[in-house]
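> Here's my sequence, what's the structure:
(2 chains)
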Amino acid sequence: MQDIVIIGAGIVGSFLAHDLSKYDLKVTVIDKENDIANGTTMANSAIIHTGYDPEDGTLKSELNVKGAKMYPEICKELKIDYQKCGAYVVACDKEEIKILDQLKNRADKRNIRAHYMEREEIVKNEVNISDDVIKAISFPDTAIIYPWQCAIALMEEAVINGVDLILGEKVYKIDEKQGFFTVYTEKKAINTKVIINAAGCGAEKIANMIEKSPFHITYKKGEYFVLSKQANKFVNHIIYPVPTKVGKGVLAVPTTHGNILLGPNSNICESEDLSTTSEGLEYVRNHLNRIVKNIPYHEVIRSYSGLRPTGNNGDFYIKPSYKNKNIIHLGCIDSPGLASAPAISAYVIQEYIKKCLDLLPKRKYVKRKAPPVMNQLCEKEKNDMVKTQPLYGKIVCKCEKISYQEIVDAIHSPCGAKTIKAIKKRVRPGMGKCQGGFCEIEVAKILSKELNIPLAQVLYDEKHSNLGTEAKQW
Amino acid sequence: MVNIDVAVIGGGSAGMAAALSAKENGVENILILEQGNELGGILQQCIHNGFGLQVYNEELTGPSFAQKLIDEVNNNNIDYRLETTVISITKDKQITYVNEKEGYVSVKAKSIILACGCYERNRGAISIPGVRVKGIYTAGEAQKLLNIENILVGKRVFILGSGDIGLIMARRMMLEGAKVLGVAEIMPYSNGLMRNIVQCLKDFDIPLYLSHTIIDVQGKEHVEKITIGKVDKNKKLIKGTEKDFWVDTLLLAVGLIPETSLTQTAGIQLDAHTKGPLVNDRFETTVPGIYACGNALHVHDLVDFVTMESKLVGRFVAEDILSYTTTPNLINVFPLEGVNYVLPQRLNKDVKEKVTFYFRVNKPYKESKVEFLDGDRVIKSVKKKYMLPANMERITLKKDEINNISFDLKVRVSEI
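As a prediction, the model looks like this:
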């Protein structure tokens, strides 16, 4: 019998698994995907918003402000990327300046640092700001993280501390018996006292397995362009337009690795459809023109889209089931879900888990050892690494300069990568200009060797995404 | 720090030919740095024939062409490192490379030759709409998987782009038992060599859809369906021309781009059209002592041309090392109407020998003339029966013709 089953291994599920692993509990995490952070956490803007945007009185406003303040410490502890690059919200006319004033008021009330900037000062820091921009608010504490790395690091530490992680299995039924639940996947039936529904875009489906879902999710698709590192000077801060009722608008966002993201649009989707569209990307192009100029589209290396599970009233839905207080729904976690995630986890544990279970801190809690990242070392350190393990000196991805051994490390880490995409998320081969054209085969060969499976059976991502079939033997 | 005379980055046909020629012209201390586990570069996966007619007067496969150069490199005792990646180069010609045995090493060279080839333009760069699932490969990646690793990436295939690798792969996949349902090309003409259109598509009854592009890719776990559509002159989709193909694989042969990731730290200027470095008549980049050749400079049609160009560059490098004279005065070379790019982009004021110009036209031309102009004065005019963007054109100007130039040099093409 488990104490808790968490359904969903996105950023929220990962924070909960991590935070709950500090207590003497038996915790299992289940996700239908073959990797952690493969749904909404997979594709978003990767921003830790400071929390000036959500309306007063919402859970979003409370948890975003708290969550954003928790990140620096967490990232330092886990030794993962966190960059306070700051953000400019820019206004192009008088109407928009009025909105800036509202944001400034809200920021002041919430103790979020913010100050006005006139055009002259903006241009000094951002040469590519659009000619229409007349005023901005600078939010120096807005930050960027590497969401996959964050979720993976959290889950790794959870797994090291006894959390059981089941990937690639879909929950299709939940039974309620006297005092406990049984969660069914294709392969297993797991008994548990408490269920946390952190299934992102699938949260409503999970809720419907227990009761008529008390919340309704609309999928909102956001499409983005990614610019190569050659374009990394394009913007230095996150550039936002003023927010509208629809959302935060189309942004230009630096990433922790020196790329630039441009997007997203926001389109309602009927199904969990992750395709990009020429109309969507055209919308991104058109709306970007309002905030920036000289956009280096020749440096586009990829476009992608992500789905946000959006609720009816604009707020997160975080409540126990009406039927049984031992099921906690985390529904409608759209933006600012990433920024709020650590606070959501703390809130759920404090408000609900403590009421269902006794939380006794573990006697021994083991910290995760972050894997070496060769690119972040100085030449002497690099050479020391190569001396101890020569494969740190064999480069597999020449765009991102990723070594063979870093890929091996990712395969054998606590939540080891089993697919090409999982390797990409952990160590980044294929994230450069050639987009894996050269290194994907090498990565697949390493997976084949380390996992002891035939090369043709190596998966790109999902169940039937194997590389191919063996050609005829002559 | 170890000193070397000539460091060659890349051990494919360009790198080997340049190194061999530098050696032949008197340079002793040469080092080739190669990323792969053998010399030969991309030739090793090109197991089809058609190589070598110009250089060796015989028809060879890619690996046999490569082997001829490899044998020469070995016979000439030219030093090389395999599985070695160059991390950076500087304008002072310091090179940092890494491999398993030596770790991170910095060496100082008198000259550097960039011969690191090119990479394939991929889906991201051209923003093909649709899902991002398994089953979308560049043609070269599918070629490597098939020819080196013995993996067939799919059974029902569609190909976007009529570049040569795409055409070669259409035939190759058919021969391995896959079905190729068609090739779409956004331009109204093919971008591959005519012989490949005939031998790889026509002979296998594979339809070529000109002025068509891919407008959607669908599938859950891997590619299941692609949709193509006809485009107008401005490459905009003509509504109502959409056509679906149920395939499990999409191969992309949408162009090659010179590999220039090392140029930034050295401050080497690039040409917006070739996407490779700007060079003068001696193939020297904008940083003195750093040269470029082969597909790292501009994309060639045939490995024979790569080899011939690189041999020339190897000689220039050797001559410049032995007696280097800089000429601060440069003549700029510009493409005019009808010409996509022309190379070299700059000339020394006093060239020492004839210069061959390489260029590509921007659309097919019949019965036309190529003119070289100094200011408004035509200094050379060459008649051509047929020119295609897929074919690299070469025209040579004599030493005197160049040394009499007083303004700059422009190249234009017009129909007669």
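
> Looks like residue A:343 contacts residue A:63 (just checking).
Yes. Using CB atoms under 8 Å, residue A:343 makes contact with residue A:63 at a distance of 4.2 Å. C-beta: built from backbone N, CA, C; applies to glycine.

> buried residues in stretch B:388-396?
B:388, B:389, B:390, B:392, B:393, B:395 (16 or more other CB atoms under 10 Å in any protein chain shown).

> typed the wrong thing, it's stretch A:315-325
Applying 16+ other CB under 10 Å to stretch A:315-325 flags A:315, A:316, A:317, A:318, A:319, A:320, A:321 as buried.

> ok, back up a step: among the buried residues of stretch B:388-396, which has the minimum pLDDT value?
Of all the buried residues of stretch B:388-396, residue B:390 has the smallest pLDDT value, namely 88.

> circling back: residue A:343 and residue A:63: which is more packed in?
residue A:63 (27 against 22; other CB atoms under 10 Å in any protein chain shown).

> which residues of the stretch 151-300 of chain B fall in strands?
Assigned by DSSP state E, counting those that start in this stretch, the strands in the stretch 151-300 of chain B fall at B:151-152, B:156-160, B:179-185, B:208-210, B:212-218, B:225-230, B:243-246, B:249-252, B:256-258, B:290-292.

> Which among these is found nearest to residue B:27?
strand B:290-292 (12.4 Å; CB to CB).

> Now do that closest one: which elements does it pack against?
strand B:103-114, helix B:303-322 (3 or more CB pairs under 8 Å, 6 or more residues apart in numbering or on different chains; DSSP states H and E).

> Check what contacts it and list those residues.
By CB atoms under 8 Å, 6 or more residues apart in numbering or on different chains, the residues outside strand B:290-292 that reach it are B:18, B:89, B:91, B:93, B:111-115, B:266, B:268, B:276-277, B:279, B:282-285, B:313, B:316-317.

> at 6 Å instead, please
For strand B:290-292, the external contacting residues (CB atoms under 6 Å, 6 or more residues apart in numbering or on different chains) are B:112, B:113, B:114, B:277, B:279, B:283, B:284, B:285, B:313, B:317.

> Now the residues you listed in JSON lines, please, with extra columns for distance to chain A.
Output for those, formatted as JSON lines (distance: CB to the nearest CB, whole Å):
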{"residue": "B:112", "distance to chain A": "17"}
{"residue": "B:113", "distance to chain A": "18"}
{"residue": "B:114", "distance to chain A": "14"}
{"residue": "B:277", "distance to chain A": "15"}
{"residue": "B:279", "distance to chain A": "20"}
{"residue": "B:283", "distance to chain A": "23"}
{"residue": "B:284", "distance to chain A": "23"}
{"residue": "B:285", "distance to chain A": "17"}
{"residue": "B:313", "distance to chain A": "23"}
{"residue": "B:317", "distance to chain A": "24"}
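
> ok, which pair from those is furthest apart?
Top of the distance list for the contacts of strand B:290-292 (CB to CB): B:277 and B:317, 14.4 Å.

> Low-confidence ranges, the stretch 351-474 of chain A, go.
Counting by pLDDT under 70, the stretch 351-474 of chain A shows low-confidence ranges at A:473-474.

> Spell out which parts of it neighbour chain B.
A:379, A:382-383, A:386, A:390, A:393-395, A:398, A:434-435, A:437, A:441, A:455-456, A:460, A:462-465, A:467-469, A:471 (CB under 6 Å from any CB of the partner chain).

> Can you tell me which of those are buried?
Counted by 16+ other CB under 10 Å, those give A:382-383, A:386, A:390, A:393-395, A:398, A:434-435, A:437, A:441, A:455-456, A:460, A:462, A:465, A:467-469, A:471 as buried.

> Does residue 227 have any beta-bridge partners, and if so which?
As the question left the chain open, I've gone with chain A. Residue A:227 has these beta-bridge partners by DSSP bridges: residue A:260, residue A:300.

> oops, chain B please
residue B:216, residue B:244.

> That one reaches residue B:242, doesn't it?
Yes. Using CB atoms under 6 Å, residue B:227 is in contact with residue B:242, at 5.4 Å.

> Can you name every helix or strand that the lengthiest helix in chain A contacts?
Counting by DSSP state H, the longest helix found in chain A is helix A:59-78. Under the contact definition 3 or more CB pairs under 6 Å, 6 or more residues apart in numbering or on different chains; DSSP states H and E, helix A:59-78 sits against helix A:337-348.

> Would you mind listing what in chain B touches chain A?
Counting by CB under 6 Å from any CB, chain B sits next to chain A at B:83, B:85, B:98-100, B:103-104, B:119-120, B:122, B:124, B:127, B:129-131, B:134, B:138, B:141, B:144-145, B:149-153, B:176, B:221-222.

> Please enumerate the helices of chain B.
Counting by DSSP H, the helices of chain B are B:13-24, B:62-75, B:123-126, B:139-147, B:164-175, B:194-196, B:263-266, B:303-322, B:399-403.

> Now for residue A:400: which residues touch it?
A:428, A:431, A:432.

> same deal with residue B:58?
By CB under 6 Å, 6+ apart, the neighbours of residue B:58 are residue B:52.

> Now it: phi and psi?
Residue B:58 has phi and psi values of phi -150, psi 160 when expressed as degrees, to the nearest 10.

> ok, now how distant is it from residue B:65?
10 Å (CB to CB, to the nearest Å).

> Mind pulling up the pLDDT for the residue in the stretch 201-350 of chain B positioned nearest to chain A?
In the stretch 201-350 of chain B, the residue that lies nearest chain A is residue B:221 (4.3 Å; CB to the nearest CB). Here the pLDDT value assigned to residue B:221 is 87.

> again with the one 4 residues further on
pLDDT, residue B:225: 97.

> quick one: contacts for it?
B:218, B:244, B:246.

> Including pLDDT, could the residues you listed go into CSV?
Putting the contacts of residue B:225 into CSV (pLDDT from 0 to 100) gives the following:
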residue, pLDDT
B:218, 96
B:244, 98
B:246, 98
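
> who wins for neighbours among those?
residue B:218 leads the contacts of residue B:225 on contacts (other CB under 10 Å) with 16 neighbours.

> from memory residue B:159 sits against residue B:252, does it?
No. Here residue B:159 does not reach residue B:252: they are 7.7 Å apart, not a contact under CB under 6 Å.

> Share the number of residues neighbouring the residue of the stretch 151-300 of chain A found nearest chain B, please.
With CB to the nearest CB, the shortest gap between the stretch 151-300 of chain A and chain B falls at residue A:275, namely 4.5 Å. When neighbours are counted by other CB under 10 Å, residue A:275 registers 18.

> same thing with the one 4 residues further on?
Close neighbours of residue A:279, defined as other CB under 10 Å, add up to 11.

> quick one: the residue nearest to residue A:52 when sequence neighbours are not counted from residue A:343, how far?
Once flanking residues are discounted, residue A:52 sits nearest to residue A:107: 4.1 Å by CB to CB, 6 or more residues apart in numbering or on different chains. From residue A:107 across to residue A:343, the span is 18 Å (CB to CB).

> show me the contacts for residue 160.
Defaulting to chain A. Counted by CB under 6 Å, 6+ apart, residue A:160 has contacts A:366, A:368, A:414.

> could you do chain B instead?
Per CB under 6 Å, 6+ apart, neighbours of residue B:160: B:184, B:214, B:252.

> List the residues that contact the last one.
Neighbour list for residue B:252: B:138, B:160 [criterion: CB under 6 Å, 6+ apart].

> hmm, try it at 7 Å
Contacts here follow CB atoms under 7 Å, 6 or more residues apart in numbering or on different chains; on that basis residue B:252 touches B:122, B:123, B:138, B:139, B:160, B:161.

> Ok, residue B:176 next?
Counting by CB under 7 Å, 6+ apart, residue B:176 has contacts A:471, A:472, B:146, B:152.

> filter the residues you listed to the buried ones?
Of these, these count as buried by 16+ other CB under 10 Å: A:471, B:146, B:152.

> Surely the last one and residue B:179 touch.
Meaning residue B:152. No. With contact defined as CB atoms under 7 Å, residue B:152 and residue B:179 do not form a contacting pair (11.6 Å).

> ok, back up a step: the contacts of residue B:160 into CSV, with extra columns for pLDDT?
Converted to CSV, the contacts of residue B:160 look like this (pLDDT from 0 to 100):
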residue, pLDDT
B:184, 97
B:214, 96
B:252, 96
